[in-house]
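>>> sequence first, predicted coordinates after that:
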Amino acid sequence: MLNKRTVEDLDVRGKKVLVRCDFNVPMNENGEITDDRRIRSAIPTIEYIINNGGKVILMSHLGRPKGEPNPKYSLEPVAKRLSELLNKEVIFAADDNVVGENAKKAVAEMKEGDVVLLQNTRYRKEETKNGEEFAKELASLADLFVNDAFGTAHRAHASNVGVSQHLPSAVGYLVKKEIEVMGKAMSNPERPFVAILGGAKVSDKIGVIENLLDKVDSLLIGGGMMFTFLKAKGYEIGKSLLEEDKIELAKELMKKAEEKGVKLLLPVDTVVAKEFKNDTEFKTVKVEEIPADMMGLDIGEETRKIFAEEILKAKTVVWNGPMGVFEMENFAKGTEAIAEAMAKSDAVTIVGGGDSAAAVEKTGYNDKMTHISTGGGASLEFFEGKTLPGIAAIDDK
Ligand SMILES: Nc1ncnc2c1ncn2[C@@H]1O[C@H](COP(=O)(O)OP(=O)(O)O)[C@@H](O)[C@H]1O
Ligand SMILES: O=C(OP(=O)(O)O)[C@H](O)COP(=O)(O)O
């Protein structure tokens with residue numbers, strides 16, 4: 001059980017409550033939100049504070065704008081969507097400095113039940129460095145702090161960890177639910193236990209494999225993650241995604257898997273494309289035969305079968321990271337096949353991550369999963385058994 005104060009332990013009436021959410025939602029090239037699960041998941045905490053006479057000041061990051069204001073990463077579309085979902089006005093305090101004149105004025109004018117959303121916290125370079133000054137600026141806006149950003153709980157940044165040091169703090173309903181549901185599933189997982197890793201954040205996530213090897217029976221690797229491993233095996237991977245400085249680590253991990261008797265399955269075939277777009281020349285090739293001028297954007301048909309068989313034998317399955325560039329129809333089949341196999345299996349099935357959750361939603365198999373987590377990297381680190389800094393920083397009960 002989570003030994004942290006929750007929003008219900010705070011007296012929010014008449015108070016300004018700063019709430020850290022993870023509104024890092026997938027968007028298309030037109031800046032439209034393609035999956036609003038992370039926004040919907042924040043509603044219970046926001047409504048609790050509104051209904052109990054508090055003032056809600058929301059903050060989040062979106063994407064990786066590298067410490068500079070960039071309209072591409074503005075939270076304005078999130079403010080609009082949230083306003084529709086809450087059926088009330090969400091005041092968007094658009095400040096390039098995050099805590100600037102607009103934000104201060106909007107907060108000063110708040111009445112009980114009002115909701116203000118600050119601009120993307122990653123517009124400030126101090127955010128990802130957990131800068132003390134920025135944390136104090138954020139804290140100065142409010143009386144209380146609630147962390148409900150489960151998807152960001154594996155980061156120690158100013159807007160989750162830093163700010164918590166300057167205000168009485170609690171976790172929100174989403175963080176509580178995620179920890180309780182996944183904690184239960186992971187406390188004594190039924191075996192075989194299969195983990196599936198893919199996606200594009202290769203250097204961020206390859207590190208979790210070491211600890212996962214102590215927990216799982218099989219590890220299936222697809223998505224952008226697969227090519228660093230294939231390169232480590234000595235294959236040519238053409239123009240596919242590669243983390244050059246992780247090749248050695250990939251070699252060590254394959255060796256460790258063998259020593260520990262964990263089945264580490266890599267794709268045997270891949271869908272390669274001329275360009276990173278849907279309407280381009282593409283074909284399926286064996287992983288030994290990736291052409292130099294093409295890039296792998298999905299797992300192939302043979303791999304889908306092998307992975308599905310492994311999933312159907314499992315009693316517990318955790319998955320983070322799409323198997324291919326599922327946003328493009330021609331490269332979505334691998335991801336669909338994994339979702340389908342998980343939906344058919346009678347195992348405990350947990351999917352995590354902003355894009356993975358969106359991918360599962362797109363397949364329509366979302367209702368067949370045991371749990372869809374809002375966190376990808378966060379849920380992986382939780383499965384590893386690591387302490388999540390964003391949760392550890394919150395006041396104990
Ligand atoms: N082979 C690939 N090459 C490039 N990008 C890929 C590949 N396979 C998957 N991706 C991309 O990975 C992204 C999701 O990765 P990630 O952020 O790690 O997952 P999540 O958000 O679920 O945690 C998707 O946008 C998808 O297009
Ligand atoms: O989308 C997120 O993580 P995820 O892709 O692992 O689910 C979180 O919002 C964290 O974002 P970050 O990986 O840029 O720190």
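Arrived safely, thanks for sending. Numbering: from 1, shown residues only. Ligands and ions are numbered 1, 2, ... in the order given.

>>> please name the residues that touch residue 341.
Contact analysis of residue 341 by C-beta atoms under 8 Å, 6 or more residues apart in numbering lists 307-308, 311-312. Yep, even glycine has a C-beta here, placed from its N, CA and C like the rest.

>>> among those residues, name the buried ones.
By neighbour count, with 16 or more other C-beta atoms under 10 Å, these hold 307-308, 311 as buried.

>>> in helices, which of those residues appear?
307-308, 311 (DSSP state H).

>>> one step back: pick the one among the buried ones among the contacts of residue 341 closest to residue 4.
residue 311 (33.7 Å; C-beta to C-beta).

>>> and the closest one, how far from residue 359?
15 Å (C-beta to C-beta, to the nearest Å).

>>> equivalent analysis for residue 140, please.
40 Å.

>>> cool, and residue 48?
For residue 48, the distance to residue 359 (C-beta to C-beta) stands at 30 Å.

>>> the two: who's more crowded?
Neighbour tally, residue 48 and residue 359, criterion other C-beta atoms under 10 Å: the higher count belongs to residue 359, 29 against 20.

>>> any buried residues in stretch 373-393, and which?
373-384, 388-391, 393.

>>> close to ligand 2, is stretch 42-53?
No. Counting by C-beta under 6 Å from any ligand atom, ligand 2 has no neighbours in stretch 42-53; the shortest distance is 12.6 Å.

>>> alpha carbons of that stretch, as PDB, please.
Taking Å, rounded to 0.1, in the frame of the first residue of the first chain, the C-alpha atoms of stretch 42-53 are listed here in PDB:
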ATOM      1  CA  ALA A  42      -6.200  13.700 -14.500                       C
ATOM      2  CA  ILE A  43      -9.900  14.600 -14.100                       C
ATOM      3  CA  PRO A  44     -10.700  12.900 -10.700                       C
ATOM      4  CA  THR A  45      -8.000  14.900  -8.900                       C
ATOM      5  CA  ILE A  46      -8.900  18.100 -10.500                       C
ATOM      6  CA  GLU A  47     -12.600  17.600  -9.800                       C
ATOM      7  CA  TYR A  48     -12.000  16.700  -6.200                       C
ATOM      8  CA  ILE A  49     -10.200  20.000  -5.600                       C
ATOM      9  CA  ILE A  50     -12.800  22.000  -7.500                       C
ATOM     10  CA  ASN A  51     -15.700  20.300  -5.600                       C
ATOM     11  CA  ASN A  52     -14.000  20.900  -2.300                       C
ATOM     12  CA  GLY A  53     -13.600  24.700  -2.800                       C
END
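
>>> for it, list every residue counted as buried.
42, 44-50, 52.

>>> which residue packs closest to whichever residue of the stretch 151-300 of the chain sits closest to ligand 1, ignoring adjacent ones?
Using C-beta to the nearest ligand atom, the closest approach of the stretch 151-300 of the chain to ligand 1 is made by residue 199 at 2.6 Å. With sequence-adjacent residues excluded and distances taken as C-beta to C-beta, 6 or more residues apart in numbering, residue 199 is closest to residue 321, at 2.6 Å.

>>> with residue 82 instead?
residue 90 is the one closest to residue 82 (C-beta to C-beta, 6+ apart), at 4.9 Å.

>>> quick revisit: if we check ligand 1, which of the buried residues of stretch 373-393 are in contact?
When contact is defined as C-beta under 6 Å from any ligand atom, the buried residues of stretch 373-393 meet ligand 1 at residue 376.

>>> is it true that residue 18 lies in a strand?
Yes. Remark: residue 18 belongs to a strand, assigned using DSSP: H, G, I helix; E, B strand; the rest coil.

>>> what helix or strand is the nearest residue to residue 160 once chain neighbours are set aside located in?
Spatial nearest neighbour of residue 160, chain neighbours left out: residue 390 (4.2 Å); criterion: C-beta to C-beta, 6+ apart. Residue 390 is part of helix 389-392, with elements assigned from DSSP states H and E.

>>> is any part of that helix close to ligand 2?
No. Judged by C-beta under 6 Å from any ligand atom, helix 389-392 and ligand 2 are separated, with a smallest distance of 10.3 Å.

>>> redo the contacts of residue 341 as a markdown table? Include pLDDT and distance to residue 241.
Below are the contacts of residue 341 laid out as a markdown table (pLDDT from 0 to 100; distance: C-beta to C-beta, whole Å):
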| residue | pLDDT | distance to residue 241 |
| --- | --- | --- |
| 307 | 98 | 19 |
| 308 | 98 | 23 |
| 311 | 98 | 24 |
| 312 | 98 | 28 |
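
>>> and those residues, which two are furthest apart?
Largest separation among the contacts of residue 341 by C-beta to C-beta: 307 and 312, giving 9.8 Å.

>>> what's the spacing between residue 264 and residue 255?
From residue 264 to residue 255 the distance is 10 Å (C-beta to C-beta).

>>> who touches the residue nearest to residue 82 in this structure?
Per C-beta under 8 Å, 6+ apart, neighbours of residue 90: 58, 79-80, 82-83, 115-117.

>>> how about it, phi and psi?
phi -110, psi 120 (degrees, to the nearest 10).

>>> what of residue 55?
With angles defined as degrees, to the nearest 10, residue 55 sits at phi -110, psi 130.

>>> again, but for residue 8
When read as degrees, to the nearest 10, the backbone of residue 8 gives phi -70, psi -20.

>>> if we can go back for a sec, which one's more surrounded, residue 264 and residue 255?
Taking neighbours as other C-beta under 10 Å, residue 264 and residue 255 compare with residue 264 leading, 19 against 11.

>>> residues touching that one, list them.
With contact set as C-beta under 8 Å, 6+ apart, residue 264 has these partners: 218-219, 221, 253-254, 257-258.

>>> just say helix, strand or coil for it.
Under the three-state scheme (three-state DSSP), residue 264 adopts strand.

>>> same check, this time on residue 238
coil.

>>> apart from its chain neighbours, what residue comes closest to the closest residue to ligand 2 within the stretch 251-397 of the chain?
Nearest to ligand 2 in the stretch 251-397 of the chain, going by C-beta to the nearest ligand atom, is residue 376, at a distance of 2.7 Å. Ranked by C-beta to C-beta, 6+ apart and with sequence neighbours excluded, the top spatial neighbour of residue 376 is residue 353, at 2.6 Å.
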